[in-house]
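after the sequence you'll find the predicted model.
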Amino acid sequence: MENRWVNLGNMRQNTICKAVLPLNSLCRLFQETLLKVLKVMIHNHDNENIITVVFVADNNYAMPVAVTACSILKHLPPDQKLNLYILDAGITSKNIEKIIKSIDLSRCEVNFISTKAQLTEIPLSDHFTEAIFHRLLIPQLLPQDLHKAIYLDCDLLVLKDLSMLWNIDMGDNYFLAVQDFTIRTISKGVKDYQLFEIPPDHSYFNSGVLVFNLDKWRESDIATSVIDYLRKPREVQLFGNQEAMNTLLWNKWQELDPKWNRQFKTGLEEEQENIDALTERYGDYSEDIAKNPYIIHFIQDTKPWQYYRHPMKKLFYEYLDMTAWSGWRYDVWKVLLRKLPRIFAKNPQSKKNI
Ligand SMILES: [Mn+2]
């Protein structure tokens, strides 16, 4: 496996230099000892207070990943540091440069880990690329001294201080997630739920926002079981990794406030159905969830950067203009450019999701 690390963090070194400069007149041995102690102290401090966020992106998602990252930084307190890992399923070096240029490196470390062709043996449907399964590799790929990580899809915008999500106590749960707004129960999303003895009314989660308890995943090696489940050719595999995780980890996760993954639908009628389902579950709170989400997740194939009349495109462009793609718009020429190859292609890549 090739590990392509682009580690741009220099925050630690700066802190150490500042602290040591006044001691220049003292002997070298004393300085070196002090440096060692400081390094240990700063390292421990880092682990506790820096938020770790993981994205998975191929080249189609290079721009959206930069937009999502900027949306996080926009709402974090200015002194809150972020440690970003991008599992890179084939981003070009030009786009890697643009992603790095988009991010305020004084507040954020950026690490790229190449994951191209890691899970090639999983059967794919027309709607998913292999990269959709890469979130299962997070506990294994991230440095072993990290205990927690927030996984985010890159078809979403963070509109709230993410440290609030980071600080939620996970207890012994393997992860935190939000119930799926469309497929709300196990019986709707898992065909073989009886085989696994799962109560049919148990909540089914959406895998776009996940807070991972990395230690739990590593000690049980549950990721291998999930990947094995996905490898088996099945008559019906409804929703890829989301189905596999809902099946094998059904009683190992804790439900979050739905504002942390407000699943938005593009069509007016579909969005109304979405709201109706929310009202059924959350009553009066549903309006607040819909209007004031902490994370807005564009769950359908028509993403704001791919659909001319997307109702949220203004909000999306507001964050896009904070990136190196500033000024980019899905205009009539891009509509044509996108549609032409699809007319000739048998299996259009642009329809696929991560
Ligand atoms: Mn998504």
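That came in fine, so what should we check first? Residues are numbered from 1 along each chain as shown.

from here on, just use CA atoms for contacts and neighbour counts.
Noted.

straight-line length of stretch 139-155, end to end?
One end of stretch 139-155 to the other measures 22 Å (Cα to Cα, to the nearest Å).

could you pull out the strands in this protein for me?
Using DSSP state E, the strands of the chain run over residues 51-57, 82-88, 108-114, 148-152, 156-158, 175-179, 205-213, 253-255, 262-264, 295-298.

please name whichever of those strands is nearest to residue 186.
Taking Cα to Cα, strand 205-213 is the member of those nearest to residue 186, at 8.9 Å.

what's the angle between the closest one and strand 175-179?
In terms of direction (axes from the mean of the first three to the mean of the last three Cα atoms, to 10 degrees), strand 205-213 departs from strand 175-179 by 160 degrees.

pairing partners for strand 205-213, with directions?
Strand 205-213 sits in its sheet next to strand 148-152 (antiparallel), strand 175-179 (antiparallel), going by DSSP bridges.

starting at the chain centroid, how far to that strand?
How far strand 205-213 lies from its chain's middle: 8 Å, per Cα atoms, centre = their mean, to the nearest Å.

can you list contacts of it?
Outside strand 205-213, the residues within contact range by Cα atoms under 8 Å, 6 or more residues apart in numbering are 147-153, 166, 170, 173-181, 184, 242, 246, 260-261, 297.

just the mean pLDDT for stretch 305-316, thanks.
For stretch 305-316, mean pLDDT rounds to 94.

same check on stretch 158-172?
Rounded mean pLDDT across stretch 158-172 is 97.

mind starting the numbering at 445 from now?
Sure, I'll start counting at 445 from here, so that last one is stretch 602-616.

distance from it to the middle of the chain?
Remark: stretch 602-616 is offset 13 Å from the chain centroid, using Cα atoms, centre = their mean.

return the set of buried residues in that stretch.
602, 603, 604, 605, 606, 607, 609, 610, 614 (16 or more other Cα atoms under 10 Å).

what's the burial count for residue 692?
16 (other Cα atoms under 10 Å).

to clarify, my last question referred to residue 657.
Other residues lying near residue 657 total 22 when counted by other Cα under 10 Å.

which residues does stretch 725-740 contact?
600-604, 702-708, 719, 722-723.

and the closest residue to residue 655 other than its chain neighbours, what pLDDT?
Nearest residue to residue 655, sequence neighbours excluded (Cα to Cα, 6 or more residues apart in numbering): residue 594, at 4.4 Å. On pLDDT, residue 594 comes in at 98.

ok, now residue 674?
pLDDT, read off for residue 674, is 75.

surely it meets residue 685?
Yes: with contacts counted by Cα atoms under 8 Å, residue 674 reaches residue 685, the gap being 7.2 Å.

check contacts around the residue nearest to residue 655.
Per Cα under 8 Å, 6+ apart, neighbours of residue 594: 496, 497, 498, 610, 653, 654, 655, 656.

all set, thanks.
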